[in-house]
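In: From the sequence below, what's the structure:
(chains A and B)
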Amino acid sequence: DSGVTQTPKHLITATGQRVTLRCSPRSGDLSVYWYQQSLDQGLQFLIQYYNGEERAKGNILERFSAQQFPDLHSELNLSSLELGDSALYFCASSPSGRPGRETQYFGPGTRLLVL
Amino acid sequence: QQQVKQSPQSLIVQKGGISIINCAYENTAFDYFPWYQQFPGKGPALLIAIRPDVSEKKEGRFTISFNKSAKQFSLHIMDSQPGDSATYFCAASPQHFGNEKLTFGTGTRLTIIP
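Out: Below is the predicted model of the structure:
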């Protein structure tokens, strides 16, 4: 158990809808990362927050947004959902937000299915 | 653009054998190279990592070999066991603050057969 929690575990929704994925980092970690894992694309970095502020952006679509709250939990909002958004979404956390210098701890993921 | 190329896509190894997974990168700014292990239904977990100031790092049965001039690194699993059956991802990141993002390879599904 990494100490990172994600809810919900599974999510089934329809195209055009909006969903919110939630992540709580490990105790003491200030940085949160979001990744999308699909069969054909592997693990793709979406966005990173550090202590409430956006620190780095990856291949995140404009229909997706995220934020990190004062209690350090984070939410990933996915809107105008398309079939291709079906994937596993992982949250990871690390102490000081330096992915080139420290371990990222991954949560169990949220499996999103868009029908 | 795929900046970290990983091969093979899948690998079947006999118990007790050596499993070898290879990765190649393009970005010369990369200087942190972790390997993550993922079991079905779980998130990835750090297995072992290397920085380019050494050519090899060993932790138990797991070894990373690093070739800076060739821009390649590989994971060797000695005496492979059925419990090693998982998907393995290589990754890379620069260490320069403000430019640090982990770029992952596409993964290798390893199956160890008895």
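
In: near chain B at all, stretch A:11-31?
Out: No: against chain B, stretch A:11-31 shows no contacts by CB under 8 Å from any CB of the partner chain, the least distance being 10.5 Å. For the C-beta atoms, the positions are set from N, CA and C on the backbone; glycine is no exception.

In: how distant is that stretch from the center of its chain?
Out: On the basis of CA atoms, centre = their mean, to the nearest Å, stretch A:11-31 sits 6 Å off its chain's mean C-alpha point.

In: Stretch B:18-35 now?
Out: Centre to centre, stretch against its chain (CA atoms, centre = their mean), the figure for stretch B:18-35 is 6 Å.

In: can you check stretch B:15-32 too?
Out: On CA atoms, centre = their mean, the centre of stretch B:15-32 falls 5 Å from the chain's centre.

In: what about it and chain A, touching?
Out: Yes: interface with chain A: stretch B:15-32 contributes B:31-32 (CB under 8 Å from any CB).

In: Ends of that stretch, what's the gap?
Out: 30 Å (CA to CA, to the nearest Å).

In: Just the buried positions in that stretch, please.
Out: B:19-25, B:30-32 (16 or more other CB atoms under 10 Å in any protein chain shown).

In: host element of residue B:43?
Out: Following DSSP states H and E, there is no helix or strand that holds residue B:43.

In: quick one, what contacts it?
Out: Applying CB atoms under 8 Å, 6 or more residues apart in numbering or on different chains to residue B:43 gives the contacts A:2, A:4, A:90, A:92, A:106-109.

In: Not counting residues beside it along the chain, what's closest to the residue of chain A found nearest chain B?
Out: In chain A, no residue comes nearer to chain B than residue A:106, which is 3.2 Å away by CB to the nearest CB. Leaving aside its chain neighbours, residue A:106 sits nearest to residue B:43 (3.2 Å; criterion: CB to CB, 6 or more residues apart in numbering or on different chains).

In: Repeat that for residue A:45.
Out: Nearest non-adjacent residue to residue A:45 (CB to CB, 6+ apart): residue A:58, at 3.6 Å.
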